[in-house]
Every structure is written in C-alpha cells, then in structure tokens.
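*Asks:* I would like the atomic coordinates for the input below:
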Amino acid sequence: MKKTTTLLLLCGIACSLASFYPIHPSVRPHQKSAIHTIIIDPGHGGFDNGTHGLFSKEKDVCLEISLKLGKAIQEAFPDIRIVYTRTTDIMPGNMPTVKTGLHYRADVANKAKGDLFLCIHANATNQAAGTYPVKRVIGHKMTGKGRRRKKVPVYETTWVKNNRTGTVTFVWKAMWGEHKGGVINDMMEEDMGDSAASPFDLSSPEARIRAQLYEKKYFANSAYLATLIQNEFVKVGRNSDGVQQRDVGLWVLEATGMPSVLVETGYLTNKEEEEYLNSKEGQGEVVRNIVDALGHYKDKLEGR
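*Replies:* As a prediction, the model looks like this:
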C-alpha cells in the first residue's frame with residue numbers, strides 16, 4: 001500500500017511538472033527578440049500629395065495604411081517599438097521641400113536606431129486614372145486648295161480602361177555608396193563612443209570593408225523581407241511585380257542604416273484597386289500581409 005501511494009505521488013508530481021512544458025512542437029521557449037524598433041514611413045504628406053486616383057490621394061492612403069500597420073505590429077509583437085515619420089497630414093518635420101522631408105525621414109530612422117525601415121506608398125501609371133483617351137488613325141482626307149492642298153490623317157479617339165494593378169517592393173541595391181555605407185559607419189561610431197575606444201579608424205580601409213559587409217547583410221535582409229511581403233500579397237490573389245532593386249531615386253532606402261523596404265501597395269490609377277486600397281477590408285488585408293511577412297522574417301532572424 002505504501003509503495004502504491006508513493007508511486008501515485010510520483011506520477012502526480014511528474015504530471016504537474018509536465019504541465020509546465022509545452023507539448024506542441026510549434027510552441028517554443030521565450031527567445032530574445034531580434035527586432036526592437038521598427039520605423040514606419042507613410043509616403044509623401046502635407047503639400048506633397050504623391051500620386052492620385054479618381055477620388056483619393058496617395059499621401060492619405062499611405063497614412064491610413066501605415067497607422068493601421070503600426071497598431072497591428074504592436075498587437076502581434078508587443079515588445080517592438082514603433083516610430084512613425086509622420087502621424088498626420090504634414091511633410092515630416094514640417095520641412096519646406098520634398099528633399100528636406102526625405103532627409104528628415106532618414107534622420108528619424110537613424111536616430112531611433114531602427115532595426116527595420118518600412119516605407120508605405122501607392123503606385124500609378126503615366127496614364128490618367130480610371131480611363132484615358134487613345135487616338136488612332138482610321139484614314140486620311142484632303143484639305144486645302146491649290147498648292148496648299150494636302151492629305152492629312154483622320155483620327156478616332158477611344159477611351160481605354162487603366163487596367164494596371166499590382167504590388168512591388170523595392171530594396172536598395174547592394175553596393176558601396178557614399179550614403180548607405182557612410183550612415184552605417186556613422187551609426188557604428190556613435191555606438192562605440194569616442195574614437196579612442198573604437199577598434200577601427202572610421203576613415204580606414206578596414207572601416208570601409210566593414211561597412212560594405214554590413215550593407216550586403218542589410219541588402220540580404222531587405223531582399224528577404226521584401227520577398228516575404230510579395231509572397232503574402234500573391235497568396236491573397238494580388239498581382240505582383242516582385243522585388244526590385246534601386247540604386248537611385250529612393251533616398252529613404254539609401255540613407256537609412258538598417259534593412260529597408262519600400263512597399264508599393266497597389267495602383268490608385270486603377271478604379272477597382274483604388275477602391276480596394278481605400279476600403280477597410282483592403283487596408284486590413286494589406287496590413288495583415290505585411291505583418292505575416294514580418295512574423296516570418298522575425299522567426300528567421302531568431303533562428304526559428
């Protein structure tokens with residue numbers, strides 16, 4: 001009887017201990033987060049409307065999606081700090097020009113020591129939103145009299161629907177650049193403290209090589225996250241132009257010392273896609289796609 005009681009007691013203790021440990025293989029022990037701060041940059045703002053559709057402006061769509069994105073990230077990952085470059089309809093920092101506004105965005109990201117920079121935009125074609133006129137020659141006619149008589153083309157104008165839709169995510173091309181590499185070195189110098197404590201002379205070949213290595217690492221992470229984002233868009237049936245590299249024209253990707261992506265969420269010049277990007281359901285889906293991609297990206301960085 002005593003042995004039975006002891007056995008039952010041991011079984012009870014074992015069961016109690018087992019209840020503290022997850023059985024499901026997908027449940028993992030707590031691990032230090034690889035991402036502490038995310039910068040969210042709603043494109044344009046204030047006097048800079050960006051592109052426009054039939055009824056909406058890019059700056060407004062970007063801001064709405066960005067604010068919802070920040071909230072969703074904080075709900076999914078409470079330990080991550082969100083820093084916005086703007087939360088209202090202003091040029092970030094109330095800067096007087098688009099150029100100074102872009103510099104301000106990058107400065108915000110670098111000073112906040114962001115681990116990731118997410119820039120939200122909307123796209124447009126060169127043609128007008130909705131429908132646009134296309135002229136074609138359908139014949140010729142004679143005009144004028146005498147020596148001035150000549151044959152001229154006869155045109156017909158037809159209205160064509162702007163059918164271009166889809167998403168694309170841009171990353172900064174992996175290369176040594178005056179700004180990207182320089183920013184990386186500047187941020188490292190600040191982290192190291194005074195130059196006497198620095199193991200490298202930041203103007204030395206070693207520092208240059210180090211910045212190149214980090215820039216390539218940031219490119220790899222940027223490209224990986226961009227691919228995950230585009231994959232999530234494709235899963236829900238969105239058209240995708242994939243991941244594209246840029247080495248000119250995107251200052252916020254060039255001048256930020258961290259992995260950086262710029263997401264074109266869709267075309268405002270397409271009537272249906274504009275309605276989608278302005279709807280609660282459409283914005284919610286875009287946000288979920290990016291948050292899901294971020295979750296996969298975070299797991300990868302943390303070795304999961």
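*Asks:* Every contact and neighbour count from this point should use C-alpha atoms.
*Replies:* Fine.
*Asks:* Quick one: mean pLDDT for stretch 227-236?
*Replies:* Stretch 227-236 shows a mean pLDDT of 98.
*Asks:* Residues contacting that stretch, please?
*Replies:* 167-169, 239-240, 242-243, 286, 289-290, 292-294, 296-297 (Cα atoms under 8 Å, 6 or more residues apart in numbering).
*Asks:* could you pull out the helices for the stretch 51-200 of the chain?
*Replies:* Secondary structure of the stretch 51-200 of the chain (DSSP state H, counting those that start in this stretch): helices located at 58-76, 98-111, 180-192.
*Asks:* What is the subsequent helix or strand relative to the last one?
*Replies:* The element immediately downstream of helix 180-192 (helix or strand, assigned by DSSP states H and E) is helix 205-235.
*Asks:* following that following helix, which helix or strand comes up?
*Replies:* Scanning forward in sequence from helix 205-235 by DSSP H and E, the next helix or strand is strand 240-246.
*Asks:* what are the pairing partners of that following strand, and which direction each?
*Replies:* strand 167-172 (parallel) (DSSP bridges).
*Asks:* Now do the strand it pairs with against helix 205-235: the angle between them, please.
*Replies:* Computed with axes from the mean of the first three to the mean of the last three Cα atoms, to 10 degrees, the direction of strand 167-172 lies at 180 degrees from that of helix 205-235.
*Asks:* domains of this structure?
*Replies:* 33-126+164-301, 128-161 (automatic domain parsing).
*Asks:* how far does the longest one stretch from start to finish?
*Replies:* From the first residue to the last, domain 33-126+164-301 extends over 9 Å; the measure is Cα to Cα, to the nearest Å.
*Asks:* For it, what is the distance to the chain centroid?
*Replies:* Domain 33-126+164-301 sits 4 Å away from the centroid of its parent chain (Cα atoms, centre = their mean, to the nearest Å).
*Asks:* hang on, the earlier thing: so for residue 156, which of the helices of the stretch 51-200 of the chain sits nearest?
*Replies:* Smallest distance to residue 156 across the helices of the stretch 51-200 of the chain (Cα to Cα): 32.9 Å, for helix 58-76.
*Asks:* Show me what the closest one is packed up against.
*Replies:* strand 37-42, strand 81-84, strand 116-123, helix 280-301 (3 or more Cα pairs under 8 Å, 6 or more residues apart in numbering; DSSP states H and E).
*Asks:* Contact partners for residue 60?
*Replies:* 45, 89.
*Asks:* what's the answer for residue 44, then?
*Replies:* 50, 58-59, 91, 98.
*Asks:* Could you provide those in JSON lines, with additional columns for pLDDT?
*Replies:* Below are the contacts of residue 44 laid out as JSON lines (pLDDT from 0 to 100):
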{"residue": "50", "pLDDT": "97"}
{"residue": "58", "pLDDT": "98"}
{"residue": "59", "pLDDT": "98"}
{"residue": "91", "pLDDT": "98"}
{"residue": "98", "pLDDT": "95"}
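*Asks:* and the two most separated of those?
*Replies:* Greatest spatial distance in those: 58 and 98, 14.6 Å, computed using Cα to Cα.
*Asks:* more neighbours, the two?
*Replies:* Shown here are residue 58 and residue 98; by other Cα atoms under 10 Å, residue 58 has more neighbours (26 against 16).
*Asks:* Lowest average confidence across helices and strands of the protein, where is it?
*Replies:* The helix or strand of the chain with the lowest confidence, counting by mean pLDDT, DSSP states H and E, is helix 2-18 at a mean of 39.
*Asks:* give me the low-pLDDT residue ranges for this structure?
*Replies:* Low-confidence segments of the chain, defined by pLDDT under 70: 1-31, 174-211, 213.
*Asks:* circling back: most surrounded residue in the contacts of stretch 227-236?
*Replies:* Counting neighbours by other Cα under 10 Å, residue 169 comes out on top of those with 26 neighbours.
*Asks:* wait, isn't that one in contact with residue 253?
*Replies:* No - applying Cα atoms under 8 Å, one finds residue 169 not in contact with residue 253, separated by 11.5 Å.
*Asks:* shared neighbours of these two, anything?
*Replies:* 261-262.
*Asks:* circling back to that earlier point, take the helices and strands packed on helix 58-76 and write them to JSON lines, including distance to residue 257.
*Replies:* What follows is the helices and strands packed on helix 58-76, written out as JSON lines (distance: least, Cα to Cα, whole Å):
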{"stretch": "strand 37-42", "distance to residue 257": "12"}
{"stretch": "strand 81-84", "distance to residue 257": "15"}
{"stretch": "strand 116-123", "distance to residue 257": "9"}
{"stretch": "helix 280-301", "distance to residue 257": "17"}
